[in-house]
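>>> below are the sequence and a predicted model for it; my questions follow.
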Amino acid sequence: MPTATLPLLEHVADLVVRVAAPTVVSSSRRVIGINGGEVMGATLHGKILPGGAEFQVIRADHTTELDARYVIETHSGALIYVVNTGFRHKPPEVTESLAAGLVGRSRPDVFAMTATFETDATDYLWLARNVFVGTAERHPDRVELAIYQLL
């Protein structure tokens, strides 16, 4: 019988991603522009550049498929492309409260996600060679993420 060890997590960074109001494309699709943000960590520190977006598909069971794509500029000027994916399942009334700007003040919208990175910057190639997971909390004007490397 295999004796796999339980994976460990190492904190990489906390992110604050500032977002625009959703563009409702259809009853099952939203696009949310990314206006910028901050990246704060011991090994990854910098800012999120404006111009990215989160693409959402809302399923019939109220599960939202999340796909956010944006660029980090590190404190040293390196550029890192980021893709965050995940699933969020909330009852319709919570989703409606979030759209109305109410969730995040009294009841945050928390979910899990994965992150992948792409860069040519030598100091950050380790990001493209490892597995990352995280938690995220959705607020009306931002998403706060905690990113961890799976060891």
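Arrived safely.
>>> switch to C-alpha atoms for all contacts and neighbour counts from now on
Will do.
>>> following element in sequence after the helix or strand of the chain with the lowest mean pLDDT, please.
Of all helical and strand segments in the chain, the minimum by mean pLDDT, DSSP states H and E falls on helix 92-99, at a mean of 61. Downstream of helix 92-99, the next assigned helix or strand under DSSP states H and E is strand 109-118.
>>> next one: phi and psi at Thr122?
Torsion angles at Thr122 (phi, psi; degrees, to the nearest 10) stand at phi -50, psi -40.
>>> ignore the last one, Leu145
Residue torsions, per degrees, to the nearest 10, at Leu145 are phi -120, psi 150.
>>> number the residues from 14 up from this point.
With the count now opening at 14, the last piece we talked about shows up as Leu158.
>>> who does it form a beta bridge with?
Leu28, Ala149 (DSSP bridges).
>>> tell me how many other residues surround it.
If you count neighbours by other CA atoms under 10 Å, Leu158 ends up with 21.
>>> tell me the contacts of the residue sitting nearest the centre point of the chain?
What sits nearest the mean C-alpha location of the chain, by CA atoms, centre = their mean, is Asn97, with 4.8 Å. Asn97 is in contact with 79-82, 126-129, counting by CA atoms under 8 Å, 6 or more residues apart in numbering.
>>> turn those residues into TSV, columns for pLDDT.
Output for the contacts of Asn97, formatted as TSV (pLDDT from 0 to 100):
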residue	pLDDT
Leu79	95
Asp80	97
Ala81	98
Arg82	98
Met126	95
Thr127	97
Ala128	97
Thr129	98
